[in-house]
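Asker: No sequence on hand, only this structure:
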DNA sequence: ATAAACAGGTTTATATTATAAACCAAATTT
DNA sequence: AAATTTGGTTTATAATATAAACCTGTTTAT
(Lines give C-alpha, C1' and ligand atoms only; values in the text may rest on other atoms or scores of the structure.)
Protein backbone atom coordinates (compact mmCIF):
# COMPACT_ATOMS: atom_id res chain seq x y z
CA UNK A 1 0.00 0.00 0.00
CA UNK A 2 1.36 3.35 -1.05
CA UNK A 3 1.99 6.03 1.51
CA UNK A 4 -0.45 8.90 1.77
CA UNK A 5 1.59 12.12 1.55
CA UNK A 6 1.16 13.48 5.09
CA UNK A 7 1.32 17.04 3.89
CA UNK A 8 -1.81 16.50 1.86
CA UNK A 9 -3.48 14.07 4.23
CA UNK A 10 -4.90 16.84 6.38
CA UNK A 11 -8.44 18.06 6.05
CA UNK A 12 -7.72 21.75 5.77
CA UNK A 13 -4.67 21.49 3.54
CA UNK A 14 -6.46 19.05 1.30
CA UNK A 15 -9.44 21.40 1.05
CA UNK A 16 -7.18 24.29 0.12
CA UNK A 17 -5.37 22.24 -2.50
CA UNK A 18 -8.64 20.97 -3.83
CA UNK A 19 -9.89 24.51 -4.31
CA UNK A 20 -6.64 25.66 -5.89
CA UNK A 21 -6.74 22.75 -8.32
CA UNK A 22 -9.93 24.16 -9.79
CA UNK A 23 -9.30 27.88 -9.79
CA UNK A 24 -6.54 30.11 -11.12
CA UNK A 25 -6.03 31.82 -7.79
CA UNK A 26 -7.77 32.35 -4.49
CA UNK A 27 -7.18 34.88 -1.75
CA UNK A 28 -6.97 34.33 1.98
CA UNK A 29 -10.45 35.59 2.70
CA UNK A 30 -12.01 33.39 0.05
CA UNK A 31 -10.18 30.30 1.25
CA UNK A 32 -11.18 31.04 4.81
CA UNK A 33 -14.84 31.27 3.89
CA UNK A 34 -14.87 28.26 1.61
CA UNK A 35 -13.08 26.03 4.07
CA UNK A 36 -14.84 27.46 7.13
CA UNK A 37 -11.56 27.55 8.95
CA UNK A 38 -10.21 30.02 11.46
CA UNK A 39 -7.68 32.55 10.20
CA UNK A 40 -4.94 31.20 12.45
CA UNK A 41 -5.33 27.66 11.31
CA UNK A 42 -5.47 28.68 7.67
CA UNK A 43 -2.40 30.86 8.00
CA UNK A 44 -0.39 27.98 9.44
CA UNK A 45 -1.50 25.50 6.82
CA UNK A 46 -0.84 27.89 3.95
CA UNK A 47 2.67 28.33 5.28
CA UNK A 48 3.22 24.61 5.23
CA UNK A 49 1.96 24.22 1.70
CA UNK A 50 4.06 27.16 0.66
CA UNK A 51 7.20 25.86 2.36
CA UNK A 52 6.73 22.57 0.54
CA UNK A 53 6.54 24.44 -2.74
CA UNK A 54 2.99 23.26 -3.37
CA UNK A 55 1.55 26.76 -3.56
CA UNK A 56 2.75 30.32 -3.94
CA UNK A 57 1.56 33.01 -1.59
CA UNK A 58 1.80 36.62 -2.70
CA UNK A 59 0.88 39.60 -0.59
CA UNK A 60 -0.34 42.74 -2.23
CA UNK A 61 -2.80 45.53 -1.80
CA UNK A 62 -6.27 46.30 -3.02
CA UNK A 63 -6.67 49.96 -2.32
CA UNK A 64 -5.38 50.20 1.21
CA UNK A 65 -6.25 46.69 2.24
CA UNK A 66 -3.82 43.82 2.20
CA UNK A 67 -4.63 40.88 0.00
CA UNK A 68 -2.94 37.51 0.15
CA UNK A 69 -3.28 35.49 -3.02
CA UNK A 70 -2.56 31.79 -3.38
CA UNK A 71 -1.92 29.67 -6.44
CA UNK A 72 -1.01 26.06 -6.87
CA UNK A 73 2.36 25.20 -8.42
CA UNK A 74 3.22 22.44 -10.87
CA UNK A 75 4.83 20.55 -8.00
CA UNK A 76 1.64 20.98 -6.02
CA UNK A 77 -0.47 19.66 -8.85
CA UNK A 78 1.74 16.60 -9.21
CA UNK A 79 1.67 15.92 -5.50
CA UNK A 80 -2.09 16.26 -5.38
CA UNK A 81 -2.55 13.86 -8.26
CA UNK A 82 -0.21 11.35 -6.71
CA UNK A 83 -2.06 11.62 -3.45
CA UNK A 84 -5.39 10.95 -5.13
CA UNK A 85 -3.83 8.03 -6.89
CA UNK A 86 -2.51 6.54 -3.67
CA UNK A 87 -5.89 7.06 -2.08
CA UNK A 88 -7.53 4.86 -4.67
CA UNK A 89 -5.78 1.88 -3.14
CA UNK A 90 -7.51 2.58 0.14
CA UNK A 91 -10.99 3.31 -1.04
CA UNK A 92 -10.95 0.98 -4.06
CA UNK A 93 -12.75 2.77 -6.83
CA UNK B 1 -17.49 20.99 2.38
CA UNK B 2 -18.34 17.97 4.45
CA UNK B 3 -16.19 17.02 7.37
CA UNK B 4 -13.81 14.10 7.01
CA UNK B 5 -14.47 11.73 9.90
CA UNK B 6 -11.24 12.09 11.88
CA UNK B 7 -11.40 8.50 13.06
CA UNK B 8 -11.12 7.32 9.49
CA UNK B 9 -8.89 10.10 8.25
CA UNK B 10 -5.75 8.38 9.46
CA UNK B 11 -3.54 6.36 7.19
CA UNK B 12 -3.32 3.23 9.29
CA UNK B 13 -6.94 3.14 10.43
CA UNK B 14 -8.09 3.77 6.88
CA UNK B 15 -5.89 0.96 5.60
CA UNK B 16 -7.31 -1.42 8.19
CA UNK B 17 -10.87 -0.45 7.38
CA UNK B 18 -10.16 -0.72 3.68
CA UNK B 19 -8.92 -4.27 4.14
CA UNK B 20 -11.83 -5.23 6.37
CA UNK B 21 -14.28 -3.87 3.81
CA UNK B 22 -13.09 -6.50 1.36
CA UNK B 23 -12.60 -9.54 3.53
CA UNK B 24 -14.79 -11.42 5.99
CA UNK B 25 -12.20 -11.23 8.74
CA UNK B 26 -8.52 -10.57 9.23
CA UNK B 27 -6.21 -11.34 12.13
CA UNK B 28 -3.66 -9.11 13.79
CA UNK B 29 -0.68 -10.69 12.09
CA UNK B 30 -2.24 -10.38 8.66
CA UNK B 31 -3.19 -6.75 9.19
CA UNK B 32 0.27 -5.99 10.48
CA UNK B 33 1.89 -7.48 7.38
CA UNK B 34 -0.51 -5.92 4.91
CA UNK B 35 -0.28 -2.46 6.40
CA UNK B 36 3.44 -2.71 7.17
CA UNK B 37 2.80 -1.18 10.57
CA UNK B 38 4.44 -1.83 13.91
CA UNK B 39 2.54 -4.00 16.36
CA UNK B 40 2.21 -1.18 18.89
CA UNK B 41 0.76 1.24 16.44
CA UNK B 42 -1.64 -1.33 15.07
CA UNK B 43 -2.76 -2.33 18.53
CA UNK B 44 -3.61 1.25 19.43
CA UNK B 45 -5.47 1.93 16.20
CA UNK B 46 -7.47 -1.28 16.41
CA UNK B 47 -8.53 -0.23 19.90
CA UNK B 48 -9.77 3.08 18.58
CA UNK B 49 -11.75 1.50 15.77
CA UNK B 50 -13.13 -1.00 18.20
CA UNK B 51 -14.09 1.63 20.78
CA UNK B 52 -15.95 3.49 18.08
CA UNK B 53 -17.87 0.35 17.24
CA UNK B 54 -16.43 0.24 13.73
CA UNK B 55 -14.85 -3.17 14.15
CA UNK B 56 -15.03 -6.12 16.49
CA UNK B 57 -11.91 -7.64 17.94
CA UNK B 58 -12.05 -11.19 19.23
CA UNK B 59 -9.22 -13.03 20.87
CA UNK B 60 -8.98 -16.75 20.60
CA UNK B 61 -6.49 -19.55 20.19
CA UNK B 62 -5.16 -21.55 17.32
CA UNK B 63 -3.52 -24.51 18.98
CA UNK B 64 -1.59 -22.84 21.75
CA UNK B 65 -1.08 -19.53 20.03
CA UNK B 66 -3.24 -16.52 20.55
CA UNK B 67 -5.08 -15.14 17.57
CA UNK B 68 -6.79 -11.76 17.41
CA UNK B 69 -9.43 -11.56 14.74
CA UNK B 70 -11.03 -8.37 13.43
CA UNK B 71 -14.20 -7.83 11.49
CA UNK B 72 -15.92 -4.70 10.31
CA UNK B 73 -19.38 -3.91 11.74
CA UNK B 74 -22.39 -2.45 9.96
CA UNK B 75 -21.68 0.86 11.67
CA UNK B 76 -18.12 0.65 10.41
CA UNK B 77 -19.26 -0.01 6.88
CA UNK B 78 -21.60 2.97 6.98
CA UNK B 79 -18.93 5.25 8.38
CA UNK B 80 -16.45 4.11 5.74
CA UNK B 81 -18.89 4.73 2.94
CA UNK B 82 -19.77 8.14 4.27
CA UNK B 83 -16.10 8.99 4.57
CA UNK B 84 -15.48 8.00 0.97
CA UNK B 85 -18.43 10.06 -0.05
CA UNK B 86 -17.18 13.13 1.79
CA UNK B 87 -13.77 12.61 0.25
CA UNK B 88 -15.23 12.90 -3.22
CA UNK B 89 -15.85 16.57 -2.57
CA UNK B 90 -12.16 17.07 -2.01
CA UNK B 91 -10.67 15.02 -4.78
CA UNK B 92 -13.54 15.01 -7.27
CA UNK B 93 -13.48 11.36 -8.20
C1' DA C 1 -9.64 64.38 16.76
C1' DT C 2 -10.08 60.30 19.22
C1' DA C 3 -11.88 56.12 20.74
C1' DA C 4 -14.01 51.96 19.38
C1' DA C 5 -14.70 48.44 16.20
C1' DC C 6 -13.21 45.88 12.15
C1' DA C 7 -10.24 43.66 8.50
C1' DG C 8 -6.67 40.75 7.48
C1' DG C 9 -3.60 38.30 9.11
C1' DT C 10 0.50 36.05 12.29
C1' DT C 11 2.36 34.02 16.48
C1' DT C 12 2.11 31.17 20.27
C1' DA C 13 0.09 27.96 23.39
C1' DT C 14 -2.58 23.80 23.93
C1' DA C 15 -4.97 19.69 22.91
C1' DT C 16 -4.98 15.61 20.02
C1' DT C 17 -2.79 12.15 17.28
C1' DA C 18 0.35 9.12 15.50
C1' DT C 19 4.17 6.39 16.27
C1' DA C 20 7.82 3.80 18.15
C1' DA C 21 10.14 2.04 22.09
C1' DA C 22 9.94 -0.67 25.92
C1' DC C 23 7.79 -4.18 27.89
C1' DC C 24 5.21 -8.81 29.02
C1' DA C 25 3.67 -13.75 28.88
C1' DA C 26 3.67 -17.86 26.62
C1' DA C 27 5.64 -20.91 23.24
C1' DT C 28 9.46 -22.62 20.57
C1' DT C 29 14.14 -23.51 19.37
C1' DT C 30 19.04 -24.46 20.44
C1' DA D 1 17.63 -24.42 30.71
C1' DA D 2 18.92 -20.37 28.26
C1' DA D 3 17.96 -17.79 24.30
C1' DT D 4 14.80 -16.52 20.74
C1' DT D 5 10.42 -15.92 18.68
C1' DT D 6 5.46 -14.94 18.57
C1' DG D 7 1.73 -12.13 19.52
C1' DG D 8 0.62 -8.75 21.38
C1' DT D 9 -0.05 -4.27 25.20
C1' DT D 10 1.42 -0.12 27.65
C1' DT D 11 3.73 4.01 27.91
C1' DA D 12 6.60 7.74 26.42
C1' DT D 13 7.65 10.95 22.76
C1' DA D 14 7.32 13.36 18.54
C1' DA D 15 4.43 15.50 15.30
C1' DT D 16 -0.01 17.78 14.05
C1' DA D 17 -3.96 20.36 14.15
C1' DT D 18 -6.37 23.94 16.13
C1' DA D 19 -7.83 27.91 18.57
C1' DA D 20 -6.75 31.77 21.39
C1' DA D 21 -4.30 35.75 21.80
C1' DC D 22 -2.21 39.09 19.53
C1' DC D 23 -0.59 42.73 15.98
C1' DT D 24 -0.96 46.44 12.30
C1' DG D 25 -3.45 49.26 9.86
C1' DT D 26 -8.23 51.07 8.41
C1' DT D 27 -12.81 52.51 8.89
C1' DT D 28 -16.67 54.28 11.58
C1' DA D 29 -18.97 56.63 15.23
C1' DT D 30 -18.82 60.43 18.71
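Answerer: Ah, there it is. Just so it is clear, the structure is predicted and the values come from calculations on it, not from any experiment. Numbering: from 1, shown residues only, chains lettered A, B, ... in the order given.
Asker: CA atoms for contacts and neighbours, from now on please.
Answerer: Fine.
Asker: For chain A, just list every one of the helices.
Answerer: Ranges of helices in chain A, per DSSP state H, are A:11-21, A:28-35, A:39-51, A:74-91.
Asker: mind putting these in CSV, mean neighbour count and mean pLDDT included?
Answerer: Formatted as CSV, these follow (neighbours: other C-alpha atoms under 10 Å in any protein chain shown; pLDDT from 0 to 100):
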stretch, mean neighbour count, mean pLDDT
helix A:11-21, 20, 97
helix A:28-35, 16, 97
helix A:39-51, 15, 97
helix A:74-91, 17, 95
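Asker: Dump the ones you listed to a markdown table, plus distance to DNA strand D.
Answerer: Shown next, in a markdown table, are these (distance: least, C-alpha to the nearest atom of the strand, whole Å):
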| stretch | distance to DNA strand D |
| --- | --- |
| helix A:11-21 | 5 |
| helix A:28-35 | 10 |
| helix A:39-51 | 3 |
| helix A:74-91 | 14 |
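Asker: can I get those in a markdown table with distance to residue A:57?
Answerer: What follows is those, written out as a markdown table (distance: least, C-alpha to C-alpha, whole Å):
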| stretch | distance to residue A:57 |
| --- | --- |
| helix A:11-21 | 12 |
| helix A:28-35 | 9 |
| helix A:39-51 | 7 |
| helix A:74-91 | 13 |
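Asker: can you list those in TSV and add distance to chain B?
Answerer: Converted to TSV, the helices of chain A look like this (distance: least, C-alpha to the nearest C-alpha, whole Å):
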stretch	distance to chain B
helix A:11-21	6
helix A:28-35	7
helix A:39-51	15
helix A:74-91	6
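Asker: between those, which one is nearest to DNA strand C?
Answerer: helix A:39-51 (3.5 Å; C-alpha to the nearest atom of the strand).
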